[in-house]
Every structure is written in structure tokens, then in C-alpha cells.
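# Turn this into a model:
(chains A and B)
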Amino acid sequence: MVPVEWYLLLAAGVFCIGLFGVLTRRNALYFLMSVELMMNAANINFVAFALYYGDLTGQVFSLFVIALAAAEVAIGIGIILVMYRNFGVTDVTVPTEMRW
Amino acid sequence: MVNVLPPVTALLPVLLLGVTGLALLLVDTVSPDARSNTSMAVVSALGALASLAATVWFVVSGTGSVDTGGAITLFADAIEVDTMALFFTAIFASVTSLVVVAAHDYFHDHANPAAFYSLLMFAATGMALLAVANSLAVVFVALEMVSLPSYVLVAFLKQNRGSVEAGLKYFLVGALSSAIFLFGISLVYAATGSLLFGDVAEAVGSIDSLAGVTGIGIVMIVGGVAFKTASVPFHFWAPEAYEGAPAPASAFLSSASKAAGFVVAFQLFTEAFPVGASLAADINWVFAFGILAAVTMTLGNFAAAVQEEVKRMLAYSSIGHAGYALIGVAALSQDGGANGAVMGAAMAHLLVYGFMNTGAFLFVAMAERWGVGRTFEDYAGLARRAPVASTAMAVFMFSLAGLPPFAGFFSKYFLFMGAIDNGFLWLAGVGAVNSVVSLYYYSRVVKALFLDDPATPSALDALDVRPTALYAAVVFAAVATVLLLPGFGPVIETAQAAASALF
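Below you'll find the model as predicted:
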């Protein structure tokens, strides 16, 4: 069996790829994909450690997380759609009606 | 009187909010009369008030308090109803009822206000669920249940570029911080093998090899809490979201949603990561919260002082108040005798803040309804045509600033005294200096309303519109702010008893 520490490293790697995408990509759709990667990194931890501890909580919770991530994407797509209708772009740096 | 009712009835306040949200969808299906949102406002106000009444009844009868056999746990310990949870549910229900009444006038000509009301009720349900959560899984699900409707509430005016931009920014920061929060939970699960607060606390106390992983997990969880409470370093969304959102939604987010973030923080950092066990594992989150509290209140207050728009000033002031309330977790110590006192004072501050801040944002909603501008100059002379509402706004401003005869003074006083008793003189000092700064920009609003002359004599003609429900909500919030003055004794006693039960 693969030692459980490797899963931690894998999850951290996936999380960092997602975080990098969030910080560098300007397209809102890439942003959604990157956030999805970050959440799935957490799912890897949950599933791996559920097996390690012989406890189902982590596995069940990862199913919850998948459902919530889908809901979040649905809301996100809706907001990106109204942004596209109002501003004509999907670049998150374009809307600057208000100053930071 | 020990548990004459089945335990699940302890969830009555939460269930009432959720059922009201569903009932609103039903009302909208039965009578989709887009032009009249009166039925929506009535149903949601009744639901929120029923939830508030149930909460107050539970608090008075001692449900889940130490005197009646301790907290009531449900669903294999994943849910725990205690006095702190009920106290916060009372805040959520009061703010919700004020906001739904005000929204009746604000959305008078909106095409489909039903969505606003039901989303608001579902977000309130999520907040009440956050308050009773006793497992990290429930915390995350409830947190998303608050966040997802909130994004839509902010972007609700979908033809308005400001509202859409605000919703987008809120969503971007929110999605990022909830992913970080989730990864933090997964690391804590990896290190401790459980998601229940009690089991996590036990495992943190005796942790050996994975203390580093737990530490990183806790830091990430602090990040999620900082987003929800609009504290540094995840405060960037707040000024944008509050300024761009429809004003009733800003009122809801800056009062109720912030309190929801704090109830998570208070429960997590007493039950899941208690001070003693965390310090034993070399995880000093008290210090981290101390820095965050000081930076948050300083940044919020100084940024508020240079704003030209009233709504944006209120947004920064709400960041400042998040800093004050953070003292409730930042001033805890391992054997501190005043732990319960300082956390209880933070709870009482959030209750008072719930009324005064909601009222202030609803006054802004009324100004938007009148169509007067957004800056301080545009508010000049409003008191001549709207003396009652302007007096109410003056009460909110002085109470937010913490001037002595108002309820905001007492909650801050107890908060700072608690911090000093626990040996955090520096935090109380930073808080006091910031309160002085805040007096400057709060009194600017009062000066504009009462002393300044309007730019043109016709500028006040817009005030011929009389939004009755908005008026009622603003006046009621002002009355509550004033009544909390004689009523502050029972409030602070309940809050401090509720907080002490957790240590």
C-alpha cells in the first residue's frame, strides 16, 4: 500500500496548481476550474485518510463536497453570464466600476 | 423541567427559517403576481419573527444551557444546540426580519422579488445551522449554504453594472476562501481522524507526529473565518460587495453574515481547538488572531475616514467592527479568568451591532429609494424633510462610534474591560484609539444631515416619496438600539453565561 504521507503530498501539489491558476488566470472560467482543483485536493485527503483511519466520515464528506462544488459552479456560471451580458467579456480584471 | 419535548424540537428556530424559505417559493408559484411583493414580505417577516420568538423562548426557558442539563446534541453529535447558538440565531432572525420589511419598498418596481426573499431566508437558515454545528462537515455545508445565496443577493440587480461587478468579486474571493477553508478541514481530518469538535479537540491535545499539518490546517480555517467576518487578509471583497449590492442585501451581509462568521470562530476555537490543547501542540492561534484583530480594526477605521460615499464608509466601518469583535477570540488565554467575559462581550457587541448597522444600511437604502446621491454632500439637509429617519440615523452613528449614552458604548466597554482583565491591554488600547478615529467619520454623516445646507433647494423634492415599510424598519432598528440600553444587563449576562459554558 502507498504510504499515506504521499497522498498528503499529492493533495498539496494539486492544491498549489489550483491556487496558481486562481492567481494567474484572468479568465473567469479558468478561475472556476482552478477552484475545482483546490476542492478536489481536499477530497483526496478526505478519501485517503478515511481509508487510513478505517472511518467512513471522510468518504461521505467528500461526496458532500462534490455536490457543493457543483452548486458553486452553477452559481458562478450564472454570475459570469450576467457579467458577460453587462461587460461583454469573461476577463475578471475588466469590471472596474468601483475603485478598489 | 428536563426535556419534555423530543430533542429535535430544539432545532425549531432553524427549521422555521428553512420552512419559510420553501413557503415563499410556494407563494410565488401560487400567485406569481410580479408587481406586488407584499405577500412575500409578509410571509418572510412572519417566518423570521416566529423564528425569533422561538429563539427567545428557548433562551428564557434555558434550552441547552448549563442549568438544564447542558447542550442538546442531535444527529450523532453533529449538531449541538446551546445558549450561544440560540443567542446568535436571535441576531440572525432579528436582522432578517428588519431586512425583509425594508426590501418591500426597495424592490417595489422589481420584476421578480420572490427570488430575493427566498434566497435571503435560505441564507438565514444556513447561518442558524452554522450556529448549531458541532462538526466540521456541518460547518462547511452550512457555510456554503450562507455563501451561495449571498453571491446571488449581491449580484441581484442584474442590469446594474455595479451590482454585477460586486457579485463577481464577492464570488471570486468567496470561492477561493471556501476552497482554502475546505483544504484546512481536510488537513485537520488527516491529522486527527475526526470531524466532530470534541474528538478533534481530544486529538489535538495529544498530537505528536502531525502537529505541523494540524497547524497549517488551522491557519487555513482562520482564513475561511476571516473571509466570512470580512477581516484582514480576506476583507477585499467587503467594500466592493457592500457598495455595489442592493442596500438591503448589504445590511444583511454586513450584520448577519458577519455574525455568522463569528459564531463559527467562537465555537471552533473553544470546542475544536481549545487554547490549552493548541498551545500544547505549539499552535499559537491566539497570537495570530491578536494581530488580525489589531490590523483589521485599524485598516477598517482609517480607510473609512477617507471615504466620500456614505455606503462605502459604512462598508469600511463594518470591517473595523469585525476587528473589535475579533478581540473576543484574540484575547483568550490558557487559564484566563475573563475568557467567558470577553467572548460574551463580543457576542453582545455583535447583537447591538446587528441593530445599529442594519439600521444604518437601511437608511442608505432609503436614500437610494429617494434617489438622492451617495456622497456625504448629497445627504446635506435631509433632516429638514425627514426628521424622524435622520434622528434614527444619528442614533445609529453615535451608537456605532460608541458614545456613552448608547448601547454601542456598553458593548465596547465590556469588550475592552474583558481584554484588559485577561492581560491584553494593548488590544484594548488599539481598540480605544480606533474608536476615537471612528467618531470623526460617523459625525460627518450627522453633520451633513442636520447642519449642512442642501446644494440646491430642489434637491429635497425627491423626499416626497414616503417608503412606509423602510421607514418602519429604520425606526424599529433605532428603537431597538435605544432599548438595548436599559436592556443591556440581561443581554450581557446571557451572553457571558453562554460563552463561559464553553470553557
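
# would residue B:20 count as being in a helix?
Yes: counting by DSSP: H, G, I helix; E, B strand; the rest coil, residue B:20 is part of a helix.

# Next, work out how far apart it and chain A are.
Per CB to the nearest CB, to the nearest Å, residue B:20 is found 21 Å from chain A. Just so you know, the C-beta spots here come from the backbone N, C-alpha and C atoms, and that holds for glycine as well.

# what do you get for residue B:218?
15 Å.

# Can stretch B:148-164 be said to contact chain A?
Yes: under the criterion of CB under 8 Å from any CB of the partner chain, chain A is reached by stretch B:148-164 at B:148, B:151, B:152, B:155, B:158, B:159, B:161, B:162, B:164.

# Among these, name the ones in helices.
B:148, B:151, B:152, B:161, B:162, B:164 (DSSP state H).

# Can you convert the residues of stretch B:148-164 next to chain A into CSV and add a column each for neighbour count?
Output for the residues of stretch B:148-164 next to chain A, formatted as CSV (neighbours: other CB atoms under 10 Å in any protein chain shown):
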residue, neighbour count
B:148, 24
B:151, 25
B:152, 21
B:155, 29
B:158, 17
B:159, 10
B:161, 17
B:162, 16
B:164, 27
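
# Need phi/psi at residue B:214.
When read as degrees, to the nearest 10, the backbone of residue B:214 gives phi -60, psi -40.

# swap in residue B:246?
Torsion angles at residue B:246 (phi, psi; degrees, to the nearest 10) stand at phi -60, psi 140.

# Quick one: the helices in the stretch 351-500 of chain B, in order.
B:382-385, B:387-401, B:407-421, B:425-450, B:468-483, B:488-500 (DSSP state H, counting those that start in this stretch).

# Show me the contact partners of the last one.
Surrounding helix B:488-500, the residues in contact under the criterion CB atoms under 8 Å, 6 or more residues apart in numbering or on different chains are B:59, B:65-66, B:82-84, B:86-87, B:266, B:339-341, B:343-345, B:347-348, B:351, B:407, B:410-411, B:414, B:484.

# Counting neighbours, which bits of it end up buried?
Applying a neighbour-count criterion of 16 or more other CB atoms under 10 Å in any protein chain shown, one finds B:488, B:491, B:492, B:494, B:495, B:496, B:497, B:498, B:499, B:500 buried in helix B:488-500.

# Over to stretch B:471-489?
Buried residues in stretch B:471-489, counted by 16+ other CB under 10 Å: B:471, B:473, B:474, B:475, B:476, B:477, B:478, B:480, B:481, B:482, B:484, B:488.

# give me the low-pLDDT residue ranges for chain A?
Along chain A, the model assigns pLDDT under 70 to residues A:99-100.

# Also chain B?
Using pLDDT under 70, chain B drops low at B:1-4, B:33-36, B:458-459, B:462.

# Over in the stretch 251-400 of chain B, which residue gets nearest chain A? Let me know.
residue B:312 (8.1 Å; CB to the nearest CB).

# could the helices of the stretch 351-500 of chain B go into JSON lines alongside distance to residue B:108?
Converted to JSON lines, the helices of the stretch 351-500 of chain B look like this (distance: least, CB to CB, whole Å):
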{"stretch": "helix B:382-385", "distance to residue B:108": "20"}
{"stretch": "helix B:387-401", "distance to residue B:108": "17"}
{"stretch": "helix B:407-421", "distance to residue B:108": "32"}
{"stretch": "helix B:425-450", "distance to residue B:108": "24"}
{"stretch": "helix B:468-483", "distance to residue B:108": "9"}
{"stretch": "helix B:488-500", "distance to residue B:108": "35"}
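
# Out of these, which is closest to residue B:129?
The closest of the helices of the stretch 351-500 of chain B to residue B:129 is helix B:488-500. By CB to CB, the value is 17.9 Å.

# how about the CA coordinates for that closest one, as PDB?
Extracted in PDB, the C-alpha atoms of helix B:488-500 (Å, rounded to 0.1, in the frame of the first residue of the first chain):
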ATOM      1  CA  PHE B 488     -28.100  45.600  28.300                       C
ATOM      2  CA  GLY B 489     -27.800  43.900  31.700                       C
ATOM      3  CA  PRO B 490     -29.800  40.700  30.800                       C
ATOM      4  CA  VAL B 491     -28.100  40.600  27.400                       C
ATOM      5  CA  ILE B 492     -24.600  40.700  28.600                       C
ATOM      6  CA  GLU B 493     -25.400  38.300  31.400                       C
ATOM      7  CA  THR B 494     -26.900  35.800  29.000                       C
ATOM      8  CA  ALA B 495     -24.000  36.200  26.500                       C
ATOM      9  CA  GLN B 496     -21.300  35.800  29.200                       C
ATOM     10  CA  ALA B 497     -23.000  32.800  30.700                       C
ATOM     11  CA  ALA B 498     -23.300  31.200  27.200                       C
ATOM     12  CA  ALA B 499     -19.600  31.900  26.500                       C
ATOM     13  CA  SER B 500     -18.400  30.700  29.900                       C
END
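
# Which strand or helix spans residue B:111?
Following DSSP states H and E, there is no helix or strand that holds residue B:111.

# Could you check how far it is from residue B:61?
44 Å (CB to CB, to the nearest Å).

# Residue A:88 now?
58 Å.

# I'd like the ones in helices among the residues of stretch B:148-164 next to chain A as JSON lines, with distance to residue B:219 appended.
Listed next are these as JSON lines, based on distance: CB to CB, whole Å:
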{"residue": "B:148", "distance to residue B:219": "25"}
{"residue": "B:151", "distance to residue B:219": "25"}
{"residue": "B:152", "distance to residue B:219": "30"}
{"residue": "B:161", "distance to residue B:219": "36"}
{"residue": "B:162", "distance to residue B:219": "34"}
{"residue": "B:164", "distance to residue B:219": "33"}
